[in-house]
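Peer 1: A predicted structure for the sequence below; I have some questions about it.
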Amino acid sequence: MNLTYMRTFLKISASLLLLIDGVGAIYGGSNLIVHPDGSSIQLSLDLLKHTPFQNYLIPGIILLVANGLFSVFAFTALVLRIPNYAQLIIMQGVVLTEWILTQMVLIQTVYFLHFILGSIGMALVIIGFLLNKINSNQTAHHHMV
C-alpha cells in the first residue's frame, strides 16, 4: 500500500474514531451536566462511592470538554489540514485512554464500554503517530526534491 492510500485510510479512521468519541462525550457530558444524578443515562450515584464526587456534574464537565470538545477540535484540525493535526489526534487518544483508566480506577468497576473506548484511545495514539511519520517523511522528501 503506498503512502497516499495509507494516509487516506488513517485519516478516515481517525475521523470516524474522533467523531465517535466526540459525539458520545458531548452527549454523555451534556446529560451529566443537566442531570448530575446520572438518571438521564442510567448511571447510578453508587458508582461514585469511591470517588471524590457527590454527583456527576464535575465528571460531566470534564467529559464534555476533554473528550467531547477536544475530539471535535482535533477532527476539525484534521479535516482542515491544520499543521500538526497528527499531534492533536495523539493528544486526544492519550486524553481518552487516561480518562478511561482513571474512571475504572475511581469507580472500581470495568464495563464493556471501557474496553471499546480504551481501544479507541489507543488506536488514536497509534494512528496519530503513523500520520505524523508519513507527514514527516513526505515533508522531508519534498525538501530533498
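Peer 2: Great, that's in hand. Computed from a predicted model, the values in this text were never measured in an experiment.
Peer 1: Just the buried residues of the helix or strand of the chain with the lowest mean pLDDT, please?
Peer 2: Lowest on mean pLDDT, DSSP states H and E among the helices and strands of the chain sits helix 112-144, with a mean of 87. Across helix 112-144, burial judged by 16 or more other C-beta atoms under 10 Å covers 117-118, 120-121, 123-132, 134-135. No exception for glycine: its C-beta is placed from N, CA and C like everyone else's.
Peer 1: Likewise for stretch 25-39?
Peer 2: Ala25, Ile26, Gly28, Gly29, Ser30, Asn31, Leu32, Ile33, His35, Pro36, Gly38.
Peer 1: quick one: contacts of that stretch?
Peer 2: Identification of contacts with stretch 25-39 by C-beta atoms under 8 Å, 6 or more residues apart in numbering yields 40-41, 43-45, 47, 55-57, 59-69, 71-72.
Peer 1: so of those residues, which ones are in helices?
Peer 2: Among the contacts of stretch 25-39, the members found in helices (DSSP state H) are Leu57, Pro59, Gly60, Ile61, Ile62, Ser71, Val72.
Peer 1: got JSON lines for these, with distance to Ile89 too?
Peer 2: Below are these laid out as JSON lines (distance: C-beta to C-beta, whole Å):
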{"residue": "Leu57", "distance to Ile89": "29"}
{"residue": "Pro59", "distance to Ile89": "24"}
{"residue": "Gly60", "distance to Ile89": "24"}
{"residue": "Ile61", "distance to Ile89": "23"}
{"residue": "Ile62", "distance to Ile89": "20"}
{"residue": "Ser71", "distance to Ile89": "10"}
{"residue": "Val72", "distance to Ile89": "13"}
